[in-house]
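sequence unavailable; structure follows:
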């Protein structure tokens, strides 16, 4: 079977474009699969400090963008703009791997559909559906196998949540290389993330002990879970300018939006209450309401908020915001680490007890009812909110998350 898979993998051909010629002896390949501008800008920030650390230590590091559709130069532009400040270094490269020819893709797809149809059970229609889904997933895995072979390196690194790292790990075991496959936590950890059962990489880098406990309970299949803080937060914490708070004439309230309507914990009636409160705050002349949009949509499908933002950049927004309101986004955690007043809506139904304890210990406010939000904000004046926010509360381990990740990658290669 392995010989057949290897034959299929070798048959796959890609068009590879890169900012500078491909190098050998690469220390780190960072894989990012998002093709949307908002997603690229968001996820790139998880790797800025890691890229900087590699360049400082004179290690070759590449950003790998796999399976880019043909003739999508806009995707290339998104990535080059996002990593623009590193392009001057000869140690850094951005590599785009375009999808193979449509003819070969159709041939492989037809082959896999027939194969899975023969071995599936059920009605004819059920077998066809299962065969198509299985063929699609298998073909995607084969593509990642081929990309792994095409772009050798000491370490692959990416964000949790996608299939590419799992495919790289399986391919690494098939070919017997010493390459290490590692993942960085992206988003909050919770016990309903059942897809992390048997999540198979070498190292899983997580935000904190609470996250480590959640992933271990979910049954991840990794060599080590390493608590390192968030490299994304490391970048944000160094960039947010607290001095701008003193220059504001009104209390700025930042709402962290996210599409929580997809979760059963947030009913439509609850979200209507949240929308009503935000609308009333929007009409309060003592306040200025800002909204951080989410790349995947809003909590309010039918009634989007009208907001006063001149930017959607979280660094600029957090620099001028005195109060943060959100559901359970990790950007609310960022507000706590910058000593902002942060109000969590319905988080007790989503986050594990250890995380809730962390929020409260850092001054976060978890409200039971939406009406409490207005009551809390009514007690705030711009003078006392500014004075309490100036001294930022930043945990030391968050400042060195890139160092922890880099050291682990250096010391574990070939182990």
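Yep, it's here. No experiment lies behind these values; they were computed from the predicted model shown.

residue 122: how many residues sit nearby?
10 (other Cβ atoms under 10 Å). All C-beta spots, glycine's among them, are computed from the backbone N, C-alpha and C.

that one: what's it in contact with?
Neighbour list for residue 122: residue 130 [criterion: Cβ atoms under 8 Å, 6 or more residues apart in numbering].

roughly how far apart are the closest residue to residue 336 other than its chain neighbours and residue 124?
If the residues on either side of it in the chain are set aside, residue 336 comes closest to residue 362, at 4.3 Å by Cβ to Cβ, 6 or more residues apart in numbering. Distance from residue 362 to residue 124, counting by Cβ to Cβ, to the nearest Å: 57 Å.

also residue 6?
Taken as Cβ to Cβ, the span from residue 6 to residue 124 is 33 Å.

show me which of those two is the more surrounded one.
Legend: neighbour count by other Cβ under 10 Å for residue 6 and residue 124, higher for residue 6 (15 against 8).

name the element the more buried one belongs to?
Counting by DSSP states H and E, the element that carries residue 6 is helix 2-11.

that helix - contacts with which helices or strands?
Counting by 3 or more Cβ pairs under 8 Å, 6 or more residues apart in numbering; DSSP states H and E, the packing neighbours recorded for helix 2-11 are helix 124-150, helix 164-175.

which of those helices sits most buried?
helix 164-175 (a mean of 19; mean count of other Cβ atoms under 10 Å).

what is that helix packed up against?
If you count contacts as 3+ Cβ pairs under 8 Å, 6+ apart, helix 164-175 packs onto helix 2-11, strand 28-31, helix 124-150, strand 155-159, strand 180-184, strand 200-206.

swap in 6 Å and give it another go.
helix 124-150, strand 180-184, strand 200-206 (3 or more Cβ pairs under 6 Å, 6 or more residues apart in numbering; DSSP states H and E).

out of those, flag the one nearest residue 114.
helix 124-150 (7.7 Å; Cβ to Cβ).

now the closest one, how far from the centre of its chain.
24 Å (Cα atoms, centre = their mean, to the nearest Å).

so which residues of the stretch 301-415 of the chain form strands?
323-326, 341-345, 365-367 (DSSP state E, counting those that start in this stretch).

returning to what we had before: need the helices and strands packed on helix 164-175 in CSV with distance to residue 192 and mean pLDDT, can you?
CSV is the format used below for those (distance: least, Cβ to Cβ, whole Å; pLDDT from 0 to 100):
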stretch, distance to residue 192, mean pLDDT
helix 124-150, 22, 84
strand 180-184, 19, 97
strand 200-206, 17, 96
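
may I see those organised as a markdown table, with distance to residue 327 added?
Shown next, in a markdown table, are these (distance: least, Cβ to Cβ, whole Å):
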| stretch | distance to residue 327 |
| --- | --- |
| helix 124-150 | 31 |
| strand 180-184 | 22 |
| strand 200-206 | 21 |
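
quick one: which of these is nearest residue 45?
Ranking the helices and strands packed on helix 164-175 by proximity to residue 45 (Cβ to Cβ) places strand 180-184 first, at 11.5 Å.

quick one: low-confidence parts of this protein?
Filtered on pLDDT under 70, the chain yields the residue ranges 1, 71, 100-106, 108-109, 302-308, 386-399, 413-415.

what residue spans form the domains of it?
Listed domain ranges for the chain are 2-184, 238-395 (source: automatic domain parsing).

pipe these into JSON lines and attach distance to residue 193 per row.
Output for those, formatted as JSON lines (distance: least, Cβ to Cβ, whole Å):
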{"stretch": "domain 2-184", "distance to residue 193": "9"}
{"stretch": "domain 238-395", "distance to residue 193": "11"}
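
between those domains, which gets nearest to residue 232?
domain 2-184 (4.3 Å).

now the end-to-end length of that closest one.
Across domain 2-184, the terminal residues are separated by 29 Å (Cα to Cα, to the nearest Å).

who's in contact with residue 54?
For residue 54, the contact set (Cβ atoms under 6 Å, 6 or more residues apart in numbering) comprises 28, 61.

likewise residue 188?
Residue 188 neighbours (Cβ under 6 Å, 6+ apart): 328, 330.

so how far is residue 326 from it?
Residue 188 is 11 Å from residue 326, by Cβ to Cβ.

what's the distance between residue 193 and residue 354?
In terms of Cβ to Cβ, residue 193 sits 15 Å off from residue 354.

ok, back up a step: which of the helices and strands packed on helix 164-175 sits closest to residue 379?
Smallest distance to residue 379 across these (Cβ to Cβ): 35.7 Å, for strand 200-206.

direction included, what does the closest one pair against?
According to DSSP bridges, strand 200-206 forms sheet pairs with strand 180-184 (parallel), strand 221-227 (parallel).

which element is residue 234 on?
Per DSSP H and E: helix 231-239 holds residue 234.

residue 62: how many residues sit nearby?
Residue 62: 25 neighbours (other Cβ under 10 Å).

mind listing what it touches?
Residue 62 sits next to 26, 29, 93, 95 when contact means Cβ under 6 Å, 6+ apart.

would you confirm that the third one contacts residue 22?
No: Residue 93 sits out of contact with residue 22 when judged by Cβ atoms under 6 Å, with a separation of 7.3 Å.

which one's more surrounded, these two?
residue 93 (22 against 12).

please name the bridge partners of the residue nearest to that one when sequence neighbours are not counted.
Closest residue to residue 93 apart from its sequence neighbours, by Cβ to Cβ, 6+ apart: residue 62 at 4.7 Å. Note on residue 62: beta-bridge partners by DSSP bridges are residue 29, residue 93.

and the gap between residue 62 and residue 40?
Counting by Cβ to Cβ - residue 62 and residue 40 are separated by 16 Å.
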